[in-house]
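Below: sequence and its predicted model.
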Amino acid sequence: MANNFIEQIIEKDIETGKVSSVQTRFPPEPNGYLHIGHAKSLCINFGIADKYNGKCYIRYDDTNPTKEDEEYVKAIEQDIQWLGFKWDGIRFASDYFDMMFDCAVELINKGLAFVCDCNAEEIKLNRGSLTQPGIESPYRNRSIKENLDLFMRMKNGEFTDGEKTLRAKIDMSSPNINMRDPVIYRVLHAHHHNTKGKWCIYPMYDFAHPIEDAVEGTTHSICTLEFEDHRPFYDWVIANCGHSHHKSKPQQIEFARLNITNMIMSKRFLKSLVNSKLVMGWDDPRLPTLCGIRRRGYPAEAIKDFCNRIGVVKSNSEVEESYLQSCVRDNLNVNCDRVMGILNPLKVVLTNLDEPILCQVENNPNATEVTTRNITLSKQIYIERSDFELVPPPKYYRLKPDGYVRLKGAYIIHCDSYLTDDKGEVTQVNCSIVPNSMSGNDNSGVKVKGVIQWVDSNNCVDLKVRKFGKLLIEDNQDLTLFERFNPASMTEVHGVGERCLRDAQVGDRFQFMRTGYFVLDQDSDENLLVFNEIVPLKDSFNK
RNA sequence: AGGGGUGUAGCCAAGCGGUAAGGCAUCAGACUUUGACUCUGACACUCGUAGGUUCAAAUCCUGCCACCCCUGCCA
């Protein structure tokens, strides 16, 4: 059963025998890091290959050497691997440069391409406008022989960058500007990450892409909406050259790219943040890059779940961030062990507890197999500062003067007194344990509504916890994205956690009970564990 | 009269001539030793809009409106 309009097209193509097997490709330009928008494309392309027993290649669209780099090639593969997609092969557009050159020669020989001496400005001028047709290049009617000679000399490095181009000869009065004799090859004396110094002319995307698809056997070439206007030229290239190399007659299908509120996918913007050191790198947990999201602690499975749940359509939309977070929580809820962590500690002294005792708590009540661990409770513990209020709001179930609360997995305690500093800030709460109220063995007769987390001060580890807010400041809409960067988008607090956290590995995720989900960051060392907040728990009280 | 797309709830989205799925968010309530999770209920008499065709229209036709994309030797 088809899940979306692309799958409907594919199923029809299979049914009618238009294709016998399905092949897709994921075609990034290696000029930056992948972000969550790419995850959607990855899910569509690899998802289709998987569903219809077809193939999916990674293909780097590396036709512009001035922007591309090996660094990105490696990073892209890592990210795809992290998401768990298995590719059937890796290709580079640059692997086909020889063949593309032949295709261009073929077009010249058919009278369908010509070498143009116009510079960029002249081409732009003669292209016409949205409402006015363009003017034909004065070089449009050169002889095939002259074109062949000139193109060869372009290849041989006889011209400087921009001096000449090869253009398709189509229709300067087409209402579709992409058909107004588009440039298909340009002179570019640049080092290429793959072909090194071999070429000084490079094909344009619009010319290269359909050839790549056809020679690889791609049946369905899936891209984003802004390429809809390019489709006629895509079809033109496939119809007019390279037939002896074609393995398929691919069709281009466009879908709407992913937008998420408060997430900026713009490569230029991300690059500027990284280069300016305003963020920690491409993998900063605030960024929508896949490596950033990974460091933030979002599970790969949750990302894929999200992509599958938002659907694939042709209408532009913006998904609320809460949808993504909901997918992340769904995953973490069943997969994360619970642990107690205190982000803003308040000292509590249990006046009637002299010897430490052992408490047993569940690691994850929602796991398929529930396991437990032992933790100690001794005279001095920490609780969350917000779990004690001198003047509690209505329906406050937590600790208050002369009030009761249960320590998770341990005793009910009663607040007997508290100490404050000169500013009236509470510095210590003195409590007594209610006898016979131990968790699971309570015959004290005391009923409490509130249960709070706690950490034994004699058996804990120090934590540095990062929380993340909006990357951009909301007002000042007239400023550039870069200028709107919110320096408060990352905040740090120092807290304490259960000692077992000492055994965690970088990337391990936990639920800090009643607080949120957290992941151990690579910046941790023996003395200090650094955690990133993945997503907070929902809170129907403090909302 | 430039061309190409798209309009279904606060957000995403099914629907393909037979009388508006589902999810997120929100709001109630139940359960709860996480104010989490889970569960239950509420949430579009109407599909951008105005006409038309039809026994029957979100689905077909026509006009209008709104939004997005296109004038790189970027992808």
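Nice, I can see it.

which SSE is A:V535 in?
Element membership for A:V535, per DSSP states H and E: strand A:529-536.

Model confidence score at A:M1, please.
Note on A:M1: pLDDT of 87.

For it, the count of nearby residues, please.
A:M1 has 6 neighbours, counted by other CB atoms under 10 Å. Any C-beta I mention is one placed from the backbone N, CA and C, and that applies to glycine too.

Next: A:K347.
16.

Run through the strands of the stretch 351-500 of chain A in chain order.
Per DSSP state E, counting those that start in this stretch, the stretch 351-500 of chain A carries strands over the ranges A:357-362, A:372-377, A:380-384, A:404-407, A:412-420, A:426-433, A:451-452, A:454-456, A:460-468, A:490-498.

Only the buried residues of the third one, if you could.
The reference is to strand A:380-384. A:I381, A:Y382, A:I383, A:E384 (16 or more other CB atoms under 10 Å).

With respect to RNA strand B, which of those is nearest?
Nearest to RNA strand B, judged by CB to the nearest atom of the strand, of the buried residues of strand A:380-384 is A:E384 at 10.0 Å.

if I pick the nearest residue to that closest one once chain neighbours are set aside, what's in contact with it?
Spatial nearest neighbour of A:E384, chain neighbours left out: A:I342 (5.5 Å); criterion: CB to CB, 6 or more residues apart in numbering. Residues in contact with A:I342 (CB atoms under 8 Å, 6 or more residues apart in numbering) are A:Y382, A:I383, A:E384, A:Q453, A:W454, A:V455, A:G495, A:V496, A:G497.

can we see that at 10 Å?
When contacts are counted by CB atoms under 10 Å, 6 or more residues apart in numbering, A:I342 touches A:381-385, A:387, A:452-455, A:457, A:460, A:463, A:465, A:493, A:495-498, A:512, A:515.

Could you do A:L501 as well?
Residues near A:L501 by CB under 10 Å, 6+ apart: A:339-341, A:460-463, A:508, A:510, A:512, A:518, A:520, A:524, A:529, A:531.

Same question for A:K464.
A:K464 neighbours (CB under 10 Å, 6+ apart): A:E492, A:V493, A:H494, A:G495, A:D521, A:D523, A:S524, A:L528, A:L529, A:V530, A:F531.

ok, for A:Y397, nearest residue in space, not its chain neighbours?
Using CB to CB, 6+ apart and skipping the chain neighbours, the partner closest in space to A:Y397 is A:G450 (3.3 Å).

Distance check, the residue lying closest to A:G111 once chain neighbours are set aside against A:I108.
Distances taken as CB to CB, 6+ apart put A:I144 closest to A:G111, at 6.3 Å, once the chain neighbours are dropped. According to CB to CB, to the nearest Å, A:I144 and A:I108 sit 6 Å apart.

Can you pull the residues that touch both of those two?
Joint contacts of A:I144 and A:I108 (CB under 10 Å, 6+ apart) are A:F114.

care to break chain A down by domain?
Following automatic domain parsing, one finds the domains of chain A at A:5-255, A:337-536.

okay if I get the ones you listed as JSON lines plus mean pLDDT and distance to A:N331?
Shown next, in JSON lines, are the domains of chain A (pLDDT from 0 to 100; distance: least, CB to CB, whole Å):
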{"stretch": "domain A:5-255", "mean pLDDT": "98", "distance to A:N331": "13"}
{"stretch": "domain A:337-536", "mean pLDDT": "96", "distance to A:N331": "9"}
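
for those, which one ends up most surrounded?
Per-stretch averages of neighbours, counted by mean count of other CB atoms under 10 Å, single out domain A:5-255 among the domains of chain A, with a mean of 18.

Not counting its neighbours along the chain, what's nearest A:K267?
Closest to A:K267 by CB to CB, 6+ apart is A:G32, at 4.3 Å.

Isn't that neighbour up against A:K271?
Yes. Using CB atoms under 10 Å, A:G32 is in contact with A:K271, at 6.5 Å.

Now do the shared contacts for the two.
The contact lists of A:G32 and A:K271 share A:W282, where a contact means CB under 10 Å, 6+ apart.

filter the contacts of A:I342 down to the ones near RNA strand B?
With CB under 7 Å from any atom of the strand as the criterion, the contacts of A:I342 include A:I452 near RNA strand B.

What strand or helix carries the closest residue to A:F531 other than its chain neighbours?
Excluding the flanking residues, the one nearest A:F531 by CB to CB, 6+ apart is A:F518, at 4.1 Å. Here A:F518, judged by DSSP H and E, is contained in strand A:516-520.

Show me what that strand is packed up against.
If you count contacts as 3 or more CB pairs under 10 Å, 6 or more residues apart in numbering; DSSP states H and E, strand A:516-520 packs onto helix A:290-296, helix A:321-335, strand A:460-468, strand A:509-512, strand A:529-536.

picking up where we left off before, what about the residue nearest to A:E384? Give its phi and psi, please.
phi -120, psi 120 (degrees, to the nearest 10).

To which secondary structure element type does A:L150 belong?
Following DSSP: H, G, I helix; E, B strand; the rest coil, A:L150 is assigned to helix.

likewise A:L42?
Assignment for A:L42 (three-state DSSP): helix.

Nearest to RNA strand B within the stretch 1-150 of chain A, name that residue for me.
A:D61 (3.1 Å).

wait, isn't that residue in contact with A:F92?
Yes. Counting by CB under 10 Å, A:D61 does reach A:F92; the two are 8.7 Å apart.

who touches both of these two?
With CB under 10 Å, 6+ apart, A:D61 and A:F92 have common neighbours A:P30, A:E212.

re earlier: closest one of the buried residues of strand A:380-384 to A:R231?
Nearest to A:R231 among those is A:E384, at 57.2 Å by CB to CB.

Please list all residues in contact with that closest one.
Applying CB under 10 Å, 6+ apart to A:E384 gives the contacts A:340-346, A:398-399, A:452-455, A:495, A:512, A:514-515.

Correct me if wrong: A:G217 contacts A:R59.
No. A:G217 lies out of contact with A:R59 (CB under 10 Å); the separation is 11.6 Å.

what residues are shared contacts of these two?
A:R25.

is RNA strand B contacted by stretch A:71-89?
No. Stretch A:71-89 does not reach RNA strand B (CB under 7 Å from any atom of the strand); its nearest approach is 11.9 Å.

chain center to that stretch, what's the gap?
13 Å (CA atoms, centre = their mean, to the nearest Å).

now stretch A:506-524
Stretch A:506-524 sits 19 Å away from the centroid of its parent chain (CA atoms, centre = their mean).

and what of stretch A:138-155?
The answer for stretch A:138-155 is 45 Å, by CA atoms, centre = their mean.

Output it as PDB - backbone C-alpha positions only.
Output in PDB follows, covering the C-alpha atoms of stretch A:138-155 (Å, rounded to 0.1, in the frame of the first residue of the first chain):
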ATOM      1  CA  PRO A 138      25.300  36.300 -31.400                       C
ATOM      2  CA  TYR A 139      27.400  33.100 -31.200                       C
ATOM      3  CA  ARG A 140      24.400  30.800 -31.400                       C
ATOM      4  CA  ASN A 141      24.800  30.000 -35.100                       C
ATOM      5  CA  ARG A 142      28.500  29.000 -35.200                       C
ATOM      6  CA  SER A 143      29.200  26.000 -37.300                       C
ATOM      7  CA  ILE A 144      29.400  22.500 -35.700                       C
ATOM      8  CA  LYS A 145      33.100  22.400 -36.700                       C
ATOM      9  CA  GLU A 146      33.900  25.700 -35.000                       C
ATOM     10  CA  ASN A 147      31.900  24.700 -31.900                       C
ATOM     11  CA  LEU A 148      33.800  21.400 -31.700                       C
ATOM     12  CA  ASP A 149      37.100  23.200 -32.000                       C
ATOM     13  CA  LEU A 150      36.300  25.800 -29.400                       C
ATOM     14  CA  PHE A 151      34.900  23.300 -26.900                       C
ATOM     15  CA  MET A 152      38.100  21.200 -27.300                       C
ATOM     16  CA  ARG A 153      40.100  24.300 -26.600                       C
ATOM     17  CA  MET A 154      38.000  25.100 -23.600                       C
ATOM     18  CA  LYS A 155      38.900  21.600 -22.300                       C
END
